[in-house]
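S.K.: Provided below are the primary sequence and the corresponding predicted coordinates.
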Amino acid sequence: MKRFIFAAMAVGLLLSLHGGAQTAQGATYYVNYGASGGGTGWGDAYGSILSALNAIDTADDTSATIKVGLTTGGNYYGASSKTIAYASSNTTADISILGGWDPNTDTVTGVSNIGGTGMGLSLMVSGGAVGNANIGNITIRDFNINTSGIGLNTNASTNNSNYVNFAVYDSTLSTSSLTSNVIRTSANGGKVAGLLLDNTDVSTPVGSVMSAIYGSSANAGGVNTFEVRNGSTITAAADGSGNGKNGAAEVIGARLVASGATTTITNTGAGWGAYVGNTAYGPYGHSVTDVTITSTGGATGGGLSLVADDFSPSAVASVVSNVTITTGGGAALRLYGWHGSGSDANATDVAISNATLTANGAAGIALYIQFQNGGISDVDVTDSTLHGGSQAVYLAGGGGNRGADTLDFLRSTLSAGAADGSTNSASPVVQINTYDDSTTMTLDRTIVRNGAGGVLIAPVTTQGNAFLTMINSVITDQTGYGVQLDAPGNSGERLTATNSTFSDLGGPAAVFGDNGTSTILEAILNYVAFVLRDPSATIFENLDANRQLALIGDLNAFYEYLTYFANTGGGGLNDTLTSSLDAPAGDAMLDADGYHLLAGSPLANQYTPSGGDPLVDIEGDIRPDVTLADIGADEAYPVPEPATLGLLAIGGAGMVAGAFRRRRRD
């Protein structure tokens, strides 16, 4: 049983949407197990929670507190179902139902049990002043609810467009039913502005395939914000077969706010860990930080599914940070952007940082981005690790001339195939298929490994360019190509790479062209190392019959390959690269990881950086180490031999030629 952590925590609802707590003040009603009084004090307490709810004067009580005595020895209060209909003159109402009180000391020392048959607590709020923005805050604290039906049922039903907030603190909720959700929230006409779980456990029984939490909406209602935090846990085995079964937590029409290092959402069924859809009409972004989400997953589920739906171009960005999301199947993180009526407005931007997204199933995808009739405009991934049994990233969709405008990765690792790297995936690590818009992708200090190909950008329609920028990045250990850019029609393809490394490829390093008519078919390359380590590998391939592939740039290295250029489509090559290091049979002397330089590597100390060149390497080491910088993603540092260390300790100096310091490993 969860107990509240902070003794001074406010009684009322604390939702980020409203910026602070609201504490109920006004009439107080008392409930004690076995009592039969009139609710005026502990000596005159009601015997049931329902009696106290019935006593609330909805015309005069703008707030009310119900103190419920603790229960011991298997005793429990019965189910309570109440519609709280406020008079039209009432502009706000706060109701706090507080369990765990010791009648002898008037302090909270335990919990209050609710059990038996039927729903534990069923509360509907209706009425209130017309058009009021916030009619009610319902707070429930320090309860253990386990009944044969829904544990907590909340509903806002009003024609006055009013909002109701429900908050549960320091409680445990469960059900013995195999066909019921534990918490069910719905709205009809009104809106549940917030559903908050704070330090609260919610779970379904063994054998159930239901969602632990199910929030539905009707008539433009819904849950505006679903917040779970402060060590709360949600556990279920939802099978993903339909509404009320799609995830351990399934809340439709909601913005998800999840936080807390010990906050966990677990689904052992085929559905999602959390399935949250912002199908409401406000420009609210999701915020998921410092949580763990785990799901068995399957064809109908995965880890976390977030829907960003907004009819305004001023959408607030969604944030996913410091999270661990793991699924055995499906997608670890699914981002879905939707617009009605062909709107071109952005769904929202998404910022992902310090995240570990893992989808270990054979068809698993770490980050799945889907959009239609508009789109997710920008997705930024920073300091994260993405691994999928099939793919690390898959982006698809379009319409409305939007698409995913940019997809940027910084200091991240993207991998596919077996979790231990022993076998490669049969799919590209990153695949982008968009409609009616260009895709611009950036890899900055990022590693892409263990696929059938590294990055595939292939817009489906004639209006989508395929542009990829690489800075201090690595594409390695692919059974096929490194990069393939296929943009049809009047679209263009461009690879811009600086201080990057292509290695261990079973196909061409870079493939271009899809018989387009754009003048853009080019690779702009500076200080890039191509070390293919395959006797049949090709550096560049042009699939286009109409356009020449233009190669532009300076001081690139080509090692361990068979063919420099394959003119497969017949469009030809315009090669203006200068000062290249070209040794097809030479040894670039790379480490087994595919990008760190070994001692004596010919890629070391090759050029003097200019003002626009990268100042660091893939690991953040200063570039250059002394005067001359290295080709590729890694800047290797000379180190003294062990015998020289004593000289350095007393102020001496000395470097051993050809020795390099091995830096951090990813």
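M.R.: Thanks, I have it.
S.K.: which neighbours does the longest strand seen in the chain have in its sheet, and in what orientation?
M.R.: When every strand of the chain is counted residue by residue (DSSP state E), the longest turns out to be strand 93-102. Each strand that pairs with strand 93-102, with its direction, by DSSP bridges: strand 63-69 (parallel), strand 107-108 (antiparallel), strand 136-141 (parallel).
S.K.: how far does it sit from the chain's center?
M.R.: With CA atoms, centre = their mean, to the nearest Å as the basis, strand 93-102 stands 35 Å off its chain's centre.
S.K.: I'd like the average pLDDT over that strand.
M.R.: In this model, strand 93-102 carries a mean pLDDT of 92.
S.K.: For it, list the C-alpha coordinates in CSV.
M.R.: Extracted C-alpha coordinates of strand 93-102, given in CSV (Å, rounded to 0.1, in the frame of the first residue of the first chain):
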residue,chain,number,x,y,z
ALA,A,93,-16.8,23.3,-6.2
ASP,A,94,-14.0,21.3,-4.6
ILE,A,95,-14.7,17.9,-2.9
SER,A,96,-12.0,16.1,-1.0
ILE,A,97,-12.6,12.4,0.0
LEU,A,98,-9.8,11.7,2.5
GLY,A,99,-9.2,8.3,3.9
GLY,A,100,-7.0,6.8,6.7
TRP,A,101,-8.1,9.1,9.6
ASP,A,102,-7.7,7.9,13.2
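S.K.: buried set for it?
M.R.: A93, D94, I95, S96, I97, L98, G99, G100, W101 (16 or more other CB atoms under 10 Å). (Each C-beta comes from the backbone N, C-alpha and C, glycine too.)
S.K.: Over to stretch 243-260?
M.R.: Result for stretch 243-260 [16+ other CB under 10 Å]: buried residues 244-260.
S.K.: Distance from that stretch to the middle of the chain?
M.R.: The answer for stretch 243-260 is 13 Å, by CA atoms, centre = their mean.
S.K.: For G43, grab the count of nearby residues.
M.R.: Residues lying near G43 (other CB atoms under 10 Å) number 10.
S.K.: need the contact list for the nearest residue to it once chain neighbours are set aside.
M.R.: In space, and not counting its chain neighbours, G43 is closest to G37: 7.2 Å by CB to CB, 6 or more residues apart in numbering. Contacts for G37 (CB atoms under 8 Å, 6 or more residues apart in numbering) come out as Y30, G43, D44, A45, Y46, G47.
S.K.: SS state for G37?
M.R.: Following DSSP: H, G, I helix; E, B strand; the rest coil, G37 is assigned to coil.
S.K.: measure it to L505 for me?
M.R.: 81 Å (CB to CB, to the nearest Å).
S.K.: One more: N354?
M.R.: 30 Å.
S.K.: what about the two, which has more around it?
M.R.: Between N354 and L505, L505 has the larger neighbour count (other CB under 10 Å), namely 30 against 16.
S.K.: partner residues bridging that one?
M.R.: Residues in beta-bridge contact with L505 (DSSP bridges): Q478.
S.K.: Model confidence for the nearest residue to A497 once chain neighbours are set aside, exactly?
M.R.: In space, and not counting its chain neighbours, A497 is closest to M470: 4.1 Å by CB to CB, 6+ apart. You'll see M470 listed with a pLDDT of 98.
S.K.: how about stretch 584-598: buried residues?
M.R.: A588, M589, L590, D591, D593, G594, Y595, H596, L597, L598.
S.K.: possible to save those as JSON lines with pLDDT?
M.R.: Listed next are the buried residues of stretch 584-598 as JSON lines, based on pLDDT from 0 to 100:
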{"residue": "A588", "pLDDT": "96"}
{"residue": "M589", "pLDDT": "96"}
{"residue": "L590", "pLDDT": "97"}
{"residue": "D591", "pLDDT": "96"}
{"residue": "D593", "pLDDT": "96"}
{"residue": "G594", "pLDDT": "96"}
{"residue": "Y595", "pLDDT": "97"}
{"residue": "H596", "pLDDT": "97"}
{"residue": "L597", "pLDDT": "97"}
{"residue": "L598", "pLDDT": "96"}
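S.K.: so how far is G39 from K67?
M.R.: Look at K67 and G39: by CB to CB, they are 10 Å apart.
S.K.: if I look at those two, which residues touch both of them?
M.R.: In terms of CB under 8 Å, 6+ apart, K67 and G39 are both contacted by the residues Y29, Y30, V31.
S.K.: So for stretch 599-613, what gets flagged as buried?
M.R.: For stretch 599-613, the neighbour count (16+ other CB under 10 Å) marks A599, S601, P602, L603, A604, N605, Q606, Y607 as buried.
S.K.: Next, the contact list for Y76, please.
M.R.: Counting by CB under 8 Å, 6+ apart, Y76 touches N113, I114, G115, G116.
S.K.: which among the residues you listed end up buried?
M.R.: Buried members of the contacts of Y76, counted by 16+ other CB under 10 Å: N113, I114, G115.
S.K.: returning to that earlier point: in terms of distance to N433, which of the buried residues of stretch 599-613 ranks first?
M.R.: Distance to N433, by CB to CB, is smallest for L603 among the buried residues of stretch 599-613, at 34.6 Å.
S.K.: correct me, but L532 touches L505?
M.R.: Yes. Counting by CB atoms under 8 Å, L532 touches L505, with 5.0 Å between them.
S.K.: what's the burial count for L173?
M.R.: 27.
S.K.: List the buried residues in the lengthiest helix in the chain.
M.R.: If you go by DSSP state H, the chain has its longest helix at helix 49-55. For helix 49-55, a neighbour-count test (16+ other CB under 10 Å) marks I49, L50, S51, A52, L53, A55 as buried.
S.K.: Double-check that G43 belongs to a helix.
M.R.: Yes. Applying three-state DSSP, one finds G43 inside a helix.
S.K.: Quick check: the gap between it and N567.
M.R.: Counting by CB to CB - G43 and N567 are separated by 96 Å.
S.K.: Can you tell me the element I369 falls in?
M.R.: strand 365-372 (DSSP states H and E).
S.K.: next SSE after that strand?
M.R.: strand 378-382.
S.K.: who touches the helix or strand just after that following strand?
M.R.: Moving toward the C-terminus from strand 378-382, the next helix or strand (DSSP H and E) is strand 385-388. Residues outside strand 385-388 that contact it (CB under 8 Å, 6+ apart) are 331-332, 355-360, 364-367, 392-393, 412-416, 419, 425.
S.K.: Take those residues and keep only those in strands.
M.R.: Under the assignment DSSP E, the contacts of strand 385-388 contribute 331-332, 356-359, 365-367, 392-393, 413-416 to strands.
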